[in-house]
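J.: just to be clear, the model below is a prediction. Sequence and coordinates:
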Amino acid sequence: MRVLRLYSLAKGFLVLFISAIALTVLHQYTYSNVPLFTQYLIKVLGAGTVNEVNLPGFLIKFFESGLAIGVMNAVFRIAGALLVLQVFRFFMRFIEMVVKGNLREKVAEKLRNRLYRHIQDLSYEFHNKSDSGDLIQRVTTDVETTSSFVTDRTIDVVYLLVTLFFGAYQLININPTMVWATLSILPLIGAASVIYFRKVEKLFKKVEEDESEMMTVIQENLSGSRVVRAFANEAFEVEKMEEKNVKHATSSKKANKVVAVYWGIMDFISINQYLVIIAIGVYYVRRGEMDAAAIIASLALVGMLIWPIRGLGRLINDFGKALVASDRIHEILDQKSEYLNDGNLTPDIYGNIEFKNVSFKFNDTNEHLLKNISFSIKRGETVALIGRTGSGKSTIVNLLMRMYDYQEGDIFVDGNRLLDIQKQHLRKNLGVVLQEPFLFSKTVYDNIAISNKRADRNEIYRAAETAALAKDIKTFQQGYDTLVGEKGTTLSGGQKQRVAIARILIADMPILIFDDALSAVDTQTDLMIRDALKNKDNRQTTIIITHRITTAKEADKIIILNEGQIEAIGIHQELSEKPGLYQKLWKIQGRLEREFEEMMKAGGDNE
């Protein structure tokens, strides 16, 4: 079953497989004839008289016609024919390697794309629980290991079998006893190989798991390098890496010890097989049943039987690694795509949203995070969600985006049931700016334009103006062409958030969601952005998750969440006068706001 799953990853390349196998068979057949030229040459020179040479009939006739003219003529014909055969054989070998390489890369490319596309289709919950370092290893190392085996090593199995067959076929015409003496060891080698495979498969699985843990540590450290340096935590991170590295090295050494023992035993058996064949040859020469020509040819042909058997160890090594890698790939491919549970509607979306008695809990708990949530948002309204950490604010947004699906109640968008709308269509109409936005290692311009590749430069500039980013960009030496670095490391937190806001604005989506996305900008910039959004010609429905009352108080509607339930809905004036969470927050933040305004006013008067 596992073997079939392994080879199922290479579907669609039958023609290339057959071509590579045909070239391998042809190459090994021609190679099996090479020792026979030496055998025939020695016979021509008078040192062989007993055994017939199993060369093709047309070559024998060609050589014999030359021998009738003279010995040297026959020698030149033999040398010329061998040269032509070797040139042909090497040409076939070249074509074989090109086909094999092409096959390997095509299989790897298709498998890598398939795995990567599938990862893109997996649920938000899956990605939350997965280590990015582990996924990177599966898409790179595991794909390479699998594709190399199902192409190169599968053809190597064919190579092994045809080499044994043609070697035995040529040798049996010289001395059958040598063939049976060489092949008699196969049952023992087969049994040892099975035991060896069972052992190394477990060891290789442990090596893969340890390498995955090490890759995760490396990836996390590189991604969080600023945090590591900020806390002067380099020594701890180095120690953590050393621990994982030692663990990986230890498991690798353990696997290598078993490999070394197996290869040592195979080499010992191979050398002794040669000694047995030589002894058999000496015995038959003394009986007058073999000549020198036959001995020389048989020793060369015995290599075609012994070395493929020895090479079985490498095939077993790679087979064990490939099975482990294939299992890891199928662990991902077996995960169900989130689009299996999808709607089929693609309605026009304007921004009317309604939650009706919605309850939600995660799969790993029985306690509901959201309990009987009901509210409505009209097209063009700005709504603020406020609540303590863990009260369910971000979960409401995730439900609206169908990152999760609710268990009770219903959500409607412009009168259409949310679960009936196609996820991708829905998300194309929802613009989300997160508290920690992700920027690509491109220019500022590219990061803004990435959401709408058809936008012209004037639209990009207007989006930057609306996001209060234009003034910052003017201070950059290269302006909009400034590279922001990986994940936007060269920008401040507020600048990154404003680039993300501009990116959403350029997409011109009917629903905008700011998930605490204004937290890294000052109050004045916050106000500028919100005023610019209000003054847009096509005002979108805007949902703002915030802990800043000064942001929330300007909203058309404020929704207060407390322990997964709606505590109150209203506007700033009425909520600030009503006992509850909002009033408590306003008493604290409102006083600070008034003090700040008085300080700014006093500063202006002094001027």
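T.: Perfect, thanks for sending it. Being a predicted model, the structure only gives us computed values, none of them experimental.
J.: contacts, neighbours, all on C-alpha from now
T.: Noted.
J.: longest helix in this protein, please.
T.: In the chain, with assignment by DSSP state H, the single longest helix is helix 234-286.
J.: next one: the next helix or strand after that helix to chain centre, how far?
T.: Later in the chain than helix 234-286, the nearest helix or strand by DSSP states H and E is helix 292-310. Here helix 292-310 is found 45 Å from its chain centre; the criterion is Cα atoms, centre = their mean, to the nearest Å.
J.: and if you look at stretch 148-160?
T.: 24 Å.
J.: give me the contact list for that stretch.
T.: Applying Cα atoms under 8 Å, 6 or more residues apart in numbering, the external contacts of stretch 148-160 come out as 6-7, 10, 17, 20-21, 24-25, 28, 100, 103-104, 107-108, 308-309, 315, 318-319, 322.
J.: hmm, try it at 7 Å
T.: Residues from elsewhere that reach stretch 148-160 (Cα atoms under 7 Å, 6 or more residues apart in numbering): 7, 10, 21, 24-25, 100, 103-104, 308, 315, 318-319, 322.
J.: ok, now stretch 83-101?
T.: 16, 20, 23-24, 27, 30, 151-152.
J.: how about that stretch: buried residues?
T.: Within stretch 83-101, the residues scored as buried using 16 or more other Cα atoms under 10 Å are 85, 89, 92-93, 95-97, 99-101.
J.: now D210. Nearest residue, chain neighbours left out?
T.: Distances taken as Cα to Cα, 6 or more residues apart in numbering put H248 closest to D210, at 5.0 Å, once the chain neighbours are dropped.
J.: list the contacts of that neighbour.
T.: By Cα under 7 Å, 6+ apart, the contact set of H248 is 207, 210-211.
J.: what about the most centrally placed residue in the chain, which SS state?
T.: Central residue of the chain (Cα atoms, centre = their mean): V139, 1.9 Å from the mean position. Following DSSP: H, G, I helix; E, B strand; the rest coil, we place V139 in the helix state.
J.: and the gap between it and Y480?
T.: For V139, the distance to Y480 (Cα to Cα, to the nearest Å) stands at 34 Å.
J.: and L419, by the same measure?
T.: Relative to Y480, and taking Cα to Cα, L419 is found at 40 Å.
J.: C-terminal to the helix or strand hosting V499, what's the next element?
T.: Using DSSP H and E, the element containing V499 is helix 493-507. Once helix 493-507 ends, the next helix or strand along the chain (criterion: DSSP H and E) is strand 511-515.
J.: confirm G409 sits in a strand?
T.: Yes: per three-state DSSP, G409 lies within a strand segment.
J.: with adjacent residues omitted, what lies nearest to it?
T.: Closest to G409 by Cα to Cα, 6+ apart is V358, at 4.2 Å.
J.: the one you found contacts L369, correct?
T.: No: look at V358 against L369 with Cα atoms under 7 Å: they stay out of range, at 10.6 Å.
J.: distance between the ends of stretch 375-383?
T.: End-to-end for stretch 375-383, by Cα to Cα: 11 Å.
J.: pLDDT averaged over it, what's the number?
T.: What stretch 375-383 shows for mean pLDDT is 91.
J.: for it, buried residues please.
T.: 377-383.
J.: how far away is S251 from V179?
T.: 40 Å.
J.: before we move on, the earlier item: narrow the buried residues of stretch 375-383 to those in helices?
T.: Counting by DSSP H, those contribute nothing to helices.
J.: okay, these in a markdown table with distance to V194 next?
T.: Formatted as a markdown table, the buried residues of stretch 375-383 follow (distance: Cα to Cα, whole Å):
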| residue | distance to V194 |
| --- | --- |
| I377 | 67 |
| K378 | 69 |
| R379 | 68 |
| G380 | 69 |
| E381 | 70 |
| T382 | 68 |
| V383 | 67 |
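J.: hang on, the earlier thing: and the residue nearest to G409, helix, strand or coil?
T.: What three-state DSSP gives for V358 is strand.
J.: repeat that for I386.
T.: Applying three-state DSSP: I386 is strand.
J.: that one against I560, yeah?
T.: Yes: the pair I386 and I560 qualifies as a contact (Cα under 7 Å) at a distance of 5.0 Å.
J.: still on that earlier bit, would you mind checking the contacts of stretch 83-101 for buried ones?
T.: 16, 20, 23-24, 27, 151-152.
J.: out of these, the closest to Q573 would be?
T.: T151 (71.3 Å; Cα to Cα).
J.: quick check: phi and psi at the closest one.
T.: phi -100, psi -70 (degrees, to the nearest 10).
J.: now do it against N102, distance only.
T.: Taking Cα to Cα, one finds T151 at 10 Å from N102.
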